[in-house]
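J.: Provide a 3D model corresponding to the input given below.
(chains A and B)
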Amino acid sequence: MDITQPIEILLVEDNPGDARLTQEALREGHVRNRLHHARDGVEAMEFVRREGPYADAPRPDLILLDLNLPRKDGRATLEELKEDPDLRLIPVVILTTSEAEQDILRAYELRGNCYITKPVDLEKFLEIVRLIEDFWLTIVKLPSRQQFRLS
Amino acid sequence: MTRSEQTLGEVLDASQTWIFETGPDLRLTRIIGHLAGMTGRDVAKLVGKTIDDLVIDRDNPDVESVLADIRAHKPYQGFLFQLRSPLGLRFIRASGTPRYDAVGKFGGYHGVGADVTEQTEAKRRTLANDRRIAEALESIPASLMLFDAEDRIVICNKVSRAFFPGAKHLLVPGTRFEHLLRTDIASGSVWKNDGDVEKWIRKRMKRHQSPKTVLTGERSDGRWIQVIERRTSDGGTIGIRMDVTKLKQAEQELRRKAGDLEAYAAELKRSNADLEQFAYISSHDLQEPLRMVASYCRLLQRRYAGKLDSDADDFIGYAVDGATRMQRLINDLLSYSRAGRSGGESEVFPAAAAVDAARANLQAAIEESGARIEVEPLPALEGDRGRIAQLFQNLIGNAIKFRRGEPVVVRIAASPEPGKARGAKKSGMVRMTVADNGIGIAPEYVDRVFMIFQRLHDRGKYPGTGIGLAIAKKVVESHGGRIWIESTPGEGTRFNFTLPIGSDLEVP
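T.: Residues are numbered from 1 along each chain as shown, chains lettered A, B, ... in the order given. This is a model prediction of the structure:
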């Protein structure tokens, strides 16, 4: 991974307040990143497939996916991402308010990379976003972008 | 005595009959035959006596009237009287005819007599029996009718009139049942929903002829009647009729009340479930916007504290505080609504395990306060293990929170509780107590402590929303138990509650 290049993060979240909060949290983080925002599953899929207005979109290094979304919801989006051989290697973090057992189980069944419940408390939320960033973007070894393209 | 008289005497002896003659003075002149166990000489001794001398039941008016007839020289037939003989008191039936000579002068009586003691007594016994049976029948508060094999009334008590109001005059021996029934119906006394009367009568007669039938019906006058009919061994029918109106009314009343109660219980259950669902959904759905409010208030505080004027800092501070408190309330509301939702499996587990789990969760508070938790031998419980652990946690936590200056001692004990558990598989309940040496609760507040968000102290001294004991109460009540407080302000509080027992106490 080229450290000099900013990390591309796609946030799929319908609530602008939540999206902004994530954005603020990432701004306080120490990894140079570029946050892209899709408001539902349809937009997210267009983004990763570089369709329509997203023809020039970068390939995300990490996807933060909410479950309850208009049009195409998080579950369907996750399923589609993980069924696409070209996209399935992008780590997907489910970031949602749902604590329901069946949502958690379903997310892992659909090969979501991890499931996180948004904490109510701001400090904790900021901390968690930073931890996600640290873990997925600096700690975890992922296949290089080159390999992505070859696969 | 002539030879023919002797032969006659033997014949009379054998038939227990005698013939007699009296003189004009009514004294017996001749008796031939057998008289109440007396023969020969005994009978001969009676010669010279009058019937008046012999009769002993003189207080009987019938007897007196015949004796008067005899004094008037009238003929008499079947004169029944009693006399004393070597066999004791005997019933005698005699008939006498006056004799007159050629010039019409009264010459005395001649006649026959017989000892009818056995027949008379048998008849008397039968009469007495019949009277007893009749009395017994009349004393029954139900109609009793006996029909012979031709379906004619043999016996029928007076109560029966109430059941055939239109055919009372036919309630006499000899009336056929069908005639009785038709007459009664023709008079307008009908059963509800008779419809086709002919058809109804045919159906009724068919049942009447079956070996046993029990039917209950409502008459047009609103009375409920139960009829029980049974075939007797001689081919007749015995019928019993009862007015069961009161019973029926009580039954209907009871059924109506049970129905009301059931509907009320269902309604209550539904409204409770609705309320819980409402509390759960609203607290859950309120979380989302509140998270926004709280998060952005915090973010404002982080970014702009000290950068605006002091008023702005104050305002932001109040907003953050309010949002934080509201978050806590909503969280508590959520836990409260969860506490009553049936979710956890019911299992049998040692109460001590639930206490241990509670202690582990309270470890920090226990260490910080130096509280000593004393646990006496406890039985196994049956219920939702997680919630019961929460119950102990809330009560122990409460004891630690409301402590006085001295070291906290919390004692947990169990004792048998009489009575049955509602909805529990096991029969009994156990009484648990969590006692502390804390500040205590004034008697006027003991009921308020279990209400949701009720606080007895100001927030500065004892923080919290006032949810802990409300949840404790809900956990206990959802297990079919009850919870109550004994407390002396300044000495301590004793929380008592009952839960379904899972085994006997380890130590009583």
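
J.: from chain B, how far out is A:Glu28?
T.: Shown here: A:Glu28 relative to chain B, a distance of 9 Å by Cβ to the nearest Cβ, to the nearest Å. (C-beta placed from N, C-alpha, C; glycine too.)

J.: what ranges do the helices span in chain A?
T.: A:16-28, A:41-48, A:74-83, A:101-109, A:122-134, A:145-150 (DSSP state H).

J.: so which of those is the most packed in?
T.: Among those, judged by mean count of other Cβ atoms under 10 Å in any protein chain shown, the one packed with the most neighbours on average is helix A:41-48 (a mean of 22).

J.: list the contacts of the residue of the stretch 251-400 of chain B found nearest chain A.
T.: With Cβ to the nearest Cβ as the measure, B:Arg298 is the residue of the stretch 251-400 of chain B nearest to chain A, at 3.8 Å. Residues counted as contacts of B:Arg298 (Cβ atoms under 8 Å, 6 or more residues apart in numbering or on different chains) are A:Leu122, A:Glu123, B:Val320.

J.: possible to save the residues you listed as JSON lines with pLDDT?
T.: Shown next, in JSON lines, are these (pLDDT from 0 to 100):
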{"residue": "A:Leu122", "pLDDT": "81"}
{"residue": "A:Glu123", "pLDDT": "83"}
{"residue": "B:Val320", "pLDDT": "86"}
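
J.: closest to B:Arg223 out of those?
T.: Of all the contacts of B:Arg298, B:Arg223 sits closest to B:Val320, with 78.0 Å by Cβ to Cβ.

J.: any part of the host helix or strand of that closest one near chain A?
T.: B:Val320 is part of helix B:310-340, with elements assigned from DSSP states H and E. Yes. Under the criterion of Cβ under 8 Å from any Cβ of the partner chain, chain A is reached by helix B:310-340 at B:Gln327, B:Asn331.

J.: now that helix against helix A:122-134, angle please.
T.: Calculated by axes from the mean of the first three to the mean of the last three Cα atoms, to 10 degrees, helix B:310-340 forms an angle of 80 degrees with helix A:122-134.

J.: chain center to helix B:310-340, what's the gap?
T.: Here helix B:310-340 is found 58 Å from its chain centre; the criterion is Cα atoms, centre = their mean, to the nearest Å.

J.: name the nearest residue to the residue in chain A positioned nearest to chain B, sequence neighbours excluded.
T.: Chain B sits closest to A:Leu122 of chain A, with a gap of 3.8 Å, by Cβ to the nearest Cβ. Among residues not flanking A:Leu122 along the chain, B:Arg298 sits closest, at 3.8 Å (Cβ to Cβ, 6 or more residues apart in numbering or on different chains).

J.: can I get stretch B:58-74 in PDB, CA atoms only?
T.: Extracted in PDB, the C-alpha atoms of stretch B:58-74 (Å, rounded to 0.1, in the frame of the first residue of the first chain):
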ATOM      1  CA  ARG B  58    -114.900 -48.900  72.600                       C
ATOM      2  CA  ASP B  59    -113.300 -45.500  71.800                       C
ATOM      3  CA  ASN B  60    -113.700 -46.300  68.100                       C
ATOM      4  CA  PRO B  61    -116.900 -44.400  66.900                       C
ATOM      5  CA  ASP B  62    -117.600 -47.100  64.300                       C
ATOM      6  CA  VAL B  63    -117.700 -49.700  67.000                       C
ATOM      7  CA  GLU B  64    -120.000 -47.600  69.100                       C
ATOM      8  CA  SER B  65    -122.400 -47.000  66.300                       C
ATOM      9  CA  VAL B  66    -122.700 -50.800  65.500                       C
ATOM     10  CA  LEU B  67    -123.200 -51.500  69.200                       C
ATOM     11  CA  ALA B  68    -126.000 -49.000  69.200                       C
ATOM     12  CA  ASP B  69    -127.500 -50.800  66.200                       C
ATOM     13  CA  ILE B  70    -127.300 -54.100  68.100                       C
ATOM     14  CA  ARG B  71    -129.100 -52.600  71.100                       C
ATOM     15  CA  ALA B  72    -131.700 -51.500  68.600                       C
ATOM     16  CA  HIS B  73    -131.900 -55.000  67.300                       C
ATOM     17  CA  LYS B  74    -130.800 -54.000  63.800                       C
END
